[in-house]
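S.K.: Test case, fold it:
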Amino acid sequence: MPEILLRRSDVCERLGVSSTTLWRFVRDGRFPEPIQLPGSKIQGWTERSVDQWIKKHFLNSQEL
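M.R.: Okay, the predicted model is just below:
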């Protein structure tokens, strides 16, 4: 199955954070760097990597 590339606005919506907060997370190493599509200026995150990050950081903390 092909990967879906999520743009910044999609990721912000999924995480419930602002664009500024997302870039702070990336800058501080708390969220993965976006990838760039070869031969273009389009950047984003794979849906799989975002879903894995959410599971690791949010779902695990709610299992207490």
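
S.K.: now S40: how far from T46?
M.R.: S40 sits 16 Å away from T46, taking C-beta to C-beta, to the nearest Å as the criterion. (C-beta placed from N, C-alpha, C; glycine too.)

S.K.: between those two, who's got more neighbours?
M.R.: Remark: of S40 and T46, T46 carries more neighbours, 15 against 7, as counted by other C-beta atoms under 10 Å.

S.K.: shouldn't that one be in contact with P2?
M.R.: No. Here T46 does not reach P2: they are 10.2 Å apart, not a contact under C-beta atoms under 8 Å.

S.K.: Which neighbours in the sheet does the longest strand along the chain have, and how are they oriented?
M.R.: For the chain, the longest strand by residue count, based on DSSP state E, is strand 43-46. Partner strands and pairing direction for strand 43-46 (DSSP bridges) are strand 5-6 (antiparallel), strand 35-36 (antiparallel).

S.K.: Which phi and psi values does the residue nearest the centre of the chain adopt?
M.R.: The residue at the geometric middle of the chain, judged as the C-alpha nearest the mean C-alpha position with C-alpha atoms, centre = their mean, is V50 (4.3 Å). The phi and psi values for V50, taken as degrees, to the nearest 10, are phi -70, psi -50.

S.K.: OK, contacts around it?
M.R.: When contacts are counted by C-beta atoms under 8 Å, 6 or more residues apart in numbering, V50 is found next to 6, 11, 14-15.

S.K.: cutoff 6 Å now
M.R.: With contact set as C-beta atoms under 6 Å, 6 or more residues apart in numbering, V50 has these partners: 6, 11.

S.K.: Next, work out how far apart it and E13 are.
M.R.: Counting by C-beta to C-beta, the gap from V50 to E13 is 11 Å.

S.K.: Where does pLDDT dip in the chain?
M.R.: Counting by pLDDT under 70, the ranges of the chain that qualify are 60-64.

S.K.: cutoff 50 now
M.R.: For the chain, the stretches with pLDDT under 50 are 64.

S.K.: mind listing the helices for it?
M.R.: In the chain, helices defined by DSSP state H lie at 8-15, 19-27, 47-54, listed in chain order.

S.K.: ok so, going back, so what touches the longest strand of the chain?
M.R.: With C-beta under 6 Å, 6+ apart as the test, strand 43-46 has contacts from 3, 5-7, 11, 34, 36.

S.K.: Fine by me, thanks again.
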